[in-house]
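*Asks:* need coordinates for the below:
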Amino acid sequence: MPELKRNRTAHPPAVAPVAFRVSRVARALRKVWSDRIEGLGVSPPQAAVLRALLHQEKIGVRALARTLATDPMNVKHLVDRLEAEGLSASDMDPGDRRTRCLHLTDRGRTLALELERLGDQHERWLGERLGPDALRALTEALTALEGAAGIADGGESNHGPSAWDQRHRERPFSSDPDPLVMAVAADLPPGRALDLGCGAGRNSIGLAEAGWEVTGVDFSAVALEQLGRAARERSVVVTTVRSDLLTYQPEPNNFDLCVVANIHLPEPDLAEVLRRAASGLREGGRLLLLGHHVEGRSSHGPRSAGLLFSEERAARLLPEGLVVERLERHQREHGGDLAGVEDLSLLLLARRVPRG
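*Replies:* Numbers count the residues shown, from 1 in each chain. So this is what the prediction gives:
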């Protein structure tokens with residue numbers, strides 16, 4: 001007799017639902033973060049509160065809850081515990097005696113800075129495994145997910161073009177060029193300069209007045225309009241390009257100097273900006289990176305240690321094909337609206353060398 005064959009229907013392998021997979025990954029990432037901070041004696045929720053307080057001079061419980069996208073009562077319990085351990089303190093808001101204004105103690109600030117350092121390591125760990133494109137896509141997906149879940153507005157962050165348009169409208173920035181940028185340029189023969197994140201163009205216009213042929217790039221239309229007006233008033237020409245620095249690609253081998261001044265981005269994004277900037281340099285062209293130093297931590301500049309510069313971070317971000325000519329700290333005092341504000345800055349100047 002012929003062998004009977006069973007009629008089997010092929011089924012595709014079971015695939016877990018997306019929501020379950022997101023939850024599973026979130027649990028695994030929390031475990032990695034929990035392991036990193038285990039020796040510091042705080043839980044991940046307490047760590048989140050400490051890091052949030054590090055970035056705010058003073059903040060109330062409800063505002064902190066909105067920042068952390070959690071319930072105010074949960075935040076209150078966490079804050080009470082941190083106060084009992086001498087890591088945070090509070091006083092009453094003079095405008096509303098019912099509102100507690102939270103802030104870190106010296107011990108809490110020291111611990112929060114260590115948590116910030118570990119957080120930076122955690123971000124790099126994730127970025128190294130995903131790469132810049134996947135990390136950017138994940139960030140966009142998380143923003144959309146947070147909006148769908150009702151824990152964030154799901155819209156543009158306060159660092160997007162519209163937010164910067166508003167800032168430039170409400171409070172125009174200084175029109176004086178950065179003295180460090182101009183001092184570096186003065187030591188070089190004028191040529192073609194690229195000013196990334198040029199804003200209203202104080203450095204672009206300063207370079208143009210010094211004889212450079214300047215292209216300024218920024219994603220704020222308002223800032224570029226202000227730059228255009230100022231350039232006409234000063235009788236100089238600056239070519240402007242409206243673009244996000246993360247996607248802007250300069251023409252290869254085209255510039256003698258690329259300025260990246262006070263652009264404070266997460267490490268994967270800044271590495272991508274610098275890589276693209278370096279590709280636009282001619283052989284012998286210079287990349288000037290200038291920003292606030294992590295050891296300064298003044299009221300001027302970002303409050304997040306992960307966005308500030310150190311010698312090690314700047315060297316790590318330097319694209320291939322560039323050699324460092326200068327790596328220096330500069331203590332500066334500002335004028336204008338920031339008169340009296342001292343600022344510790346890091347300056348890195350690197351030169352593109354011939355390939356091979």
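
*Asks:* chain center to stretch 16-36: distance?
*Replies:* Taking C-alpha atoms, centre = their mean, to the nearest Å, the mean C-alpha location of stretch 16-36 is offset from the chain mean by 24 Å.

*Asks:* same question for stretch 33-47.
*Replies:* The mean C-alpha position of stretch 33-47 is separated from the chain mean by 24 Å, C-alpha atoms, centre = their mean.

*Asks:* stretch 125-137 now?
*Replies:* Worked out by C-alpha atoms, centre = their mean, stretch 125-137 lies 15 Å from the chain centre.

*Asks:* repeat for stretch 346-356
*Replies:* On C-alpha atoms, centre = their mean, the centre of stretch 346-356 falls 23 Å from that of its chain.

*Asks:* contacts for that stretch?
*Replies:* With C-beta atoms under 8 Å, 6 or more residues apart in numbering as the test, stretch 346-356 has contacts from 180, 184, 278, 281-293, 309-311, 314-315, 318, 321-330. For glycine as for every other residue, the C-beta is placed from the backbone atoms N, C-alpha and C.

*Asks:* whichever of those end up buried, select them in ChimeraX.
*Replies:* Entered in ChimeraX, the line below selects the buried ones among those, by 16 or more other C-beta atoms under 10 Å:
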select :180,184,278,281,285,286,287,288,289,290,291,292,293,309,314,318,321,322
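
*Asks:* which ones among the contacts of stretch 346-356 are found in strands?
*Replies:* 281-292, 322-330 (DSSP state E).

*Asks:* residues in contact with stretch 229-245?
*Replies:* 161, 175, 196-198, 200-201, 204-205, 208-209, 214-221, 224, 227-228, 248, 263, 265, 273, 276.

*Asks:* quick one: buried residues of that stretch?
*Replies:* Applying 16+ other C-beta under 10 Å to stretch 229-245 flags Ala230, Ala231, Val236, Val238, Thr240, Leu245 as buried.

*Asks:* now do stretch 25-36
*Replies:* Buried, per 16+ other C-beta under 10 Å, within stretch 25-36: Trp33, Arg36.

*Asks:* then it to CSV, C-alphas only?
*Replies:* Taking C-alpha atoms only, stretch 25-36 is exported to CSV below (Å, rounded to 0.1, in the frame of the first residue of the first chain):
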residue,chain,number,x,y,z
VAL,A,25,13.4,45.8,25.3
ALA,A,26,12.5,48.5,27.8
ARG,A,27,12.8,46.0,30.7
ALA,A,28,16.2,44.9,29.4
LEU,A,29,17.5,48.4,29.0
ARG,A,30,16.3,49.3,32.5
LYS,A,31,18.2,46.3,33.8
VAL,A,32,21.4,47.5,32.1
TRP,A,33,20.9,51.0,33.7
SER,A,34,20.1,49.5,37.1
ASP,A,35,23.3,47.5,37.0
ARG,A,36,25.3,50.6,36.2
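
*Asks:* mean confidence for it?
*Replies:* Taken as a whole, stretch 25-36 has a mean pLDDT of 88.

*Asks:* from what I can see Ala210 touches Val184, true?
*Replies:* No - with contacts counted by C-beta atoms under 8 Å, Ala210 stays clear of Val184, the gap being 11.0 Å.

*Asks:* burial count for His77?
*Replies:* As a burial measure, His77 scores 12 neighbours (other C-beta atoms under 10 Å).

*Asks:* again with Val181
*Replies:* Neighbours around Val181, by other C-beta under 10 Å: 23.

*Asks:* show the pLDDT at it.
*Replies:* So Val181 comes in at 95 (pLDDT).

*Asks:* and it, how close does it get to Arg27?
*Replies:* 47 Å (C-beta to C-beta, to the nearest Å).

*Asks:* what's the answer for Arg286, then?
*Replies:* 47 Å.

*Asks:* what does Arg316 give?
*Replies:* 30 Å.

*Asks:* sorry, back to before: what's the most distant pair in the buried residues of stretch 229-245?
*Replies:* Val236 and Leu245 (23.0 Å; C-beta to C-beta).

*Asks:* what segments of the stretch 251-356 of the chain are helices?
*Replies:* Along the stretch 251-356 of the chain, counting by DSSP state H, counting those that start in this stretch, helices occupy 267-279, 311-317.

*Asks:* nearest to Leu111, of those?
*Replies:* helix 311-317 (21.4 Å).

*Asks:* other SSEs contacting the closest one?
*Replies:* helix 267-279, strand 322-333, strand 342-352 (3 or more C-beta pairs under 8 Å, 6 or more residues apart in numbering; DSSP states H and E).
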